[in-house]
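A.B. asks: build the 3D model from these lines:
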Amino acid sequence: MPPLLTDLPADRLDALVKHPFHRENGERLVGFIQDLRQCHDSEDFVAFQRDLLRAALRANQARAERSRVIKRLRKGEKLPADAPDLVVGHPHDIDDWRLEYDALERVGRQLRSIGDALAWRAFRYDRRYILTLRRNESPGPMTLSKEGTLHEIRFAEEQWSEHRHFALLHDLTDCLRIGDVTVFHDRHADSEQDIYLYELKTNPKRRESTQLTRTRMAAEALHTGSPLPGPEGARLVETGVPYATHLSALNDAFARAHCEGLKTMRVPGQRGLLALDIAAADNRWGLQEATRQFHSAYAALLRRTRLSGESICFSSGDSAARNTLAPPWGIYPLQPAQCAGLIADVLVFTVTLSSDNFIEELRKVGLDAHWVLPDGADLKPEQPAVALRGHGRRTLVGRAELERILLELTDLQTWARGMDQLLCKGTVGSQPWPYFTDEHRVWA
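C.D. replies: Below you'll find the model as predicted:
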């Protein structure tokens, strides 16, 4: 896992985010998001994916070239004769090559975040597909040196040229990790689509692999409600509750932050929201004073929101293509430049809720809730945090649902009604994954 921005020294962080590769890609992201929102049929999606594929392959190839140089210099060997041009720094300084490598790592991850946005849009914002197809290890960056990549690209091109079907390449995303390609068959008569999941084999004589087994389990989980791929017997659970959020507040907060540097506001459900526009804050105060203003504004926000108990806080920072459960920033109902700013971490927002207020909100709809996370414990991805009881049943809520509530600004009463329906239907499996209806009404 690449280091988080918050773990980097200030000078390294500044050099990374201001690197030409990083800045140029930030501008490219805006165009991708604008173009994606104009995709309405298979031809649009095919053209968009081709552009994204070219950009991703270029970035990944450039990163691989710099990795080769770094390995040579680390061994004390000479610079390769065919070494790429170093954009910033001295060609014999290994740290300058590492900076360029790190900048390209971020560029590649940002482009995979656009791939995630493509996947969500292609699946019409149906979270079930993401919850199912994410359940595998990451294949890593897409490169032409990988076995099977050319085969997958040719397959996608043939699906379009011979059948006029859009074939989504999973390796262009971070969130699709089961199967290699999803093919969408439009049914023009009723505006619906048939979806086919493919695990491609370069050697047709090879016996069925673990990947093929996962692919079959994923298809069955989506169509029959059987267990999801993975060891814990998890299942999708339909709440039947239409999804609702307060993401309009985030749009307002960023608009004000663009003028003022930062903006704080209260959000329904006893939550505090802080939005930061780093460039605007730097122009107004300078980075050192902007940092002080951030902490001062955040402390005042917590006092104003009257949070009690332990603070639960999630931030958007440095999360592009790191969390397969979360909707990508590219589909958020914001301006394209704001979505691109979130991907590139030049815009950041933080949402905070207190443990006491959260339990109080759940009890308003009749749920018995209490925290099972030990005091002071770190909230790990799969660690149970809250126990819910209702209808004579019990279920546990982990980090993923808390992160959804905060970063998606989910309406708490909507979410609580969904959990009530989950308990009413019975806790299915050891790890039920709830999904709501009408999510397409929320996302861009």
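A.B. asks: going forward, measure contacts between C-alpha atoms and count neighbours the same way
C.D. replies: OK.
A.B. asks: out of everything not next to it in sequence, what's closest to the residue nearest the centre of the chain?
C.D. replies: Centroid-nearest residue in the chain: Pro328, 4.0 Å away (criterion: Cα atoms, centre = their mean). Spatial nearest neighbour of Pro328, chain neighbours left out: Ala117 (5.7 Å); criterion: Cα to Cα, 6 or more residues apart in numbering.
A.B. asks: confirm that that neighbour sits in a strand.
C.D. replies: No: using DSSP: H, G, I helix; E, B strand; the rest coil, the assignment for Ala117 is helix, not a strand.
A.B. asks: so it makes contact with Thr324?
C.D. replies: No: checked against Cα atoms under 8 Å, the pair Ala117 and Thr324 is beyond contact range at 11.4 Å.
A.B. asks: would you mind listing the buried residues in the lengthiest helix in the chain?
C.D. replies: In the chain, taking DSSP state H as the definition, the longest helix is helix 42-74. Residues 42, 45-46, 48-49, 52-53, 55-57, 59-64, 66-67, 69-70, 73 are the ones in helix 42-74 that count as buried (16 or more other Cα atoms under 10 Å).
A.B. asks: for the helix or strand hosting Leu236, packing partners?
C.D. replies: Assigned by DSSP states H and E, Leu236 belongs to strand 235-242. Judged by 3 or more Cα pairs under 8 Å, 6 or more residues apart in numbering; DSSP states H and E, strand 235-242 is in contact with helix 412-425, strand 432-437.
A.B. asks: gap between Arg63 and Pro20?
C.D. replies: Relative to Pro20, Arg63 is positioned 14 Å away (Cα to Cα, to the nearest Å).
A.B. asks: read off the pLDDT value for His270.
C.D. replies: Not His; residue 270 is Gln. Gln270 carries a pLDDT value of 88.
A.B. asks: quick one: contacts for it?
C.D. replies: Residues near Gln270 by Cα atoms under 8 Å, 6 or more residues apart in numbering: Thr305, Leu307, Leu353, Ser354, Asn357.
A.B. asks: swap in 10 Å and give it another go.
C.D. replies: Thr305, Arg306, Leu307, Thr352, Leu353, Ser354, Asn357, Phe358, Glu360, Glu361, Leu412 (Cα atoms under 10 Å, 6 or more residues apart in numbering).
A.B. asks: quick check: phi and psi on it?
C.D. replies: Backbone geometry at Gln270, expressed as degrees, to the nearest 10, gives phi 50, psi 50.
A.B. asks: the one 5 residues further on now?
C.D. replies: Main-chain dihedrals, Ala275, degrees, to the nearest 10: phi -110, psi 140.
A.B. asks: just checking, it touches His258?
C.D. replies: Yes: proximity of Ala275 to His258 meets the contact threshold set by Cα atoms under 10 Å, at 9.4 Å.
A.B. asks: the more surrounded of the two?
C.D. replies: Set side by side, Ala275 and His258 show more neighbours around Ala275, with 28 against 19, by other Cα atoms under 10 Å.
A.B. asks: tell me the bridge partners for the more buried one.
C.D. replies: Lys263, Phe349 (DSSP bridges).
A.B. asks: that one and Leu407, how far apart?
C.D. replies: In terms of Cα to Cα, Ala275 sits 12 Å off from Leu407.
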